[in-house]
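>>> Task: produce atomic coordinates for the following.
(4 chains)
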Number of protein chains: 2
Amino acid sequence: MKAARKTTTAVRGSRSGRPIMALLDLLGRRWTLRIVWELRDRALTSRALRQACDDASPTVLQARLKDLKDAGLVENMPSEGYRLTARGRELMTAFGPLSDFAERWGRRK
Amino acid sequence: MKAARKTTTAVRGSRSGRPIMALLDLLGRRWTLRIVWELRDRALTSRALRQACDDASPTVLQARLKDLKDAGLVENMPSEGYRLTARGRELMTAFGPLSDFAERWGRRK
DNA sequence: TCCTTTGCTATTGAAACTGTAGCGATGCTA
DNA sequence: TAGCATCGCTACAGTTTCAATAGCAAAGGA
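Okay, here's the model as predicted:
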């Protein structure tokens, strides 16, 4: 029997000791990538972020924001809203070429 | 009311005409990133891939492999198993710095 | 005070995922 | 050729997660 995912801190794959697995698991949860993407170049309030994410349900968004905060990728600035931490921006840098790829990929078929 | 996700072809965000959204949605489904990662430098048979993915249930894996095939990122070689297409490898390149980031990120706290 | 907007939680029904069993097909090996 | 193992893949039931709303308390403006 596989251990159930702890709802709060740990991410699946953490046990392996391979950070990449933990990261892939974190980012592989619905809306997580999108949230990071939307915050890539600006801070957004909770509700603005929700709008940016096609009005995703606040339930999941709050859960993801918690995950991302726990992971140290996102922080909540009192009167500014949510934004990427230095680490979060570092991650976005790692994702840099992704947008270009998406463009090429989008023209497939 | 948001349209329900079509179970087969389209990905959420396709309507926006922004490929990046469609891509983020595709990659944001559970196990998708992991599958691409496991195939990054080798072909794997269905069962080997399953092992590599912490024995994830075949149900989801098959579904994801279909998604990835439809997206043109993965292909099924008759006697070799699944492997990334040229496009899939292109995507992995875009993810290149991710592993390094994961290492640094894993040492957080 | 009244009204709005904020971040966030509650609730319920729908959808997705897990874990397991097992099918038909294929390829051994004797 | 029979027996057995392995393959890709599917079925099913139980659990978890998500979606879509509604609505709360707090903060602020008019």
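>>> Quick check, A:G72 in contact with B:G106.
No: using Cβ atoms under 8 Å, A:G72 makes no contact with B:G106, being 11.0 Å away. C-beta: built from backbone N, CA, C; applies to glycine.
>>> What is the burial count for the nearest residue to A:A52 once chain neighbours are set aside?
With sequence-adjacent residues excluded and distances taken as Cβ to Cβ, 6 or more residues apart in numbering or on different chains, A:A52 is closest to A:E38, at 4.4 Å. Using other Cβ atoms under 10 Å in any protein chain shown, A:E38 has 19 neighbouring residues.
>>> Just list what the lengthiest helix in chain A packs against, helices and strands only.
The longest helix of chain A (DSSP state H) is helix A:58-70. With contacts defined as 3 or more Cβ pairs under 8 Å, 6 or more residues apart in numbering or on different chains; DSSP states H and E, the packing partners of helix A:58-70 are helix A:32-38, helix A:46-52, strand A:74-77.
>>> hmm, the first one touching DNA strand C?
No: in this structure, helix A:32-38 remains apart from DNA strand C according to Cβ under 7 Å from any atom of the strand; the gap is never smaller than 12.1 Å.
>>> ok, and what's touching that helix?
Here helix A:32-38 makes contact (Cβ atoms under 8 Å, 6 or more residues apart in numbering or on different chains) with A:26-27, A:44, A:49, A:52-53, A:56, A:61, A:64-65, A:67-68, A:73-74, A:84, A:88, A:91-92, A:95, B:20-21, B:24-25, B:27-28.
>>> tell me, how many neighbours does the closest residue to DNA strand D within chain A end up with?
Nearest residue of chain A to DNA strand D: A:S57, at 3.1 Å (Cβ to the nearest atom of the strand). Per other Cβ under 10 Å, the neighbour tally for A:S57 reads 12.
>>> Give me the most central residue, chain A.
A:T32 (3.3 Å; Cα atoms, centre = their mean).
>>> What spatial separation is found between that residue and B:D41?
Separation of A:T32 from B:D41 (Cβ to Cβ, to the nearest Å): 25 Å.
>>> In chain A, which residue sits closest to DNA strand C?
A:T45 (2.7 Å).
>>> Show residues contacting stretch A:94-109.
For stretch A:94-109, using Cβ under 8 Å, 6+ apart, the contacting residues are A:36-37, B:19-20, B:22-23, B:71-72, B:87, B:90-91, B:93-98, B:100-101.
>>> Send over that stretch as CSV, restricted to the C-alpha atoms.
This file holds the C-alpha atoms of stretch A:94-109, laid out as CSV (Å, rounded to 0.1, in the frame of the first residue of the first chain):
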residue,chain,number,x,y,z
ALA,A,94,14.3,27.6,-15.8
PHE,A,95,11.0,27.7,-17.6
GLY,A,96,12.1,30.4,-19.9
PRO,A,97,12.3,28.5,-23.1
LEU,A,98,8.9,26.9,-22.5
SER,A,99,6.9,29.7,-23.9
ASP,A,100,8.8,29.6,-27.2
PHE,A,101,8.4,25.9,-27.3
ALA,A,102,4.6,26.3,-26.7
GLU,A,103,4.4,28.6,-29.7
ARG,A,104,6.0,26.1,-32.0
TRP,A,105,4.1,23.2,-30.5
GLY,A,106,0.8,25.1,-30.9
ARG,A,107,1.3,25.2,-34.6
ARG,A,108,1.6,21.4,-34.9
LYS,A,109,-0.5,19.0,-36.9
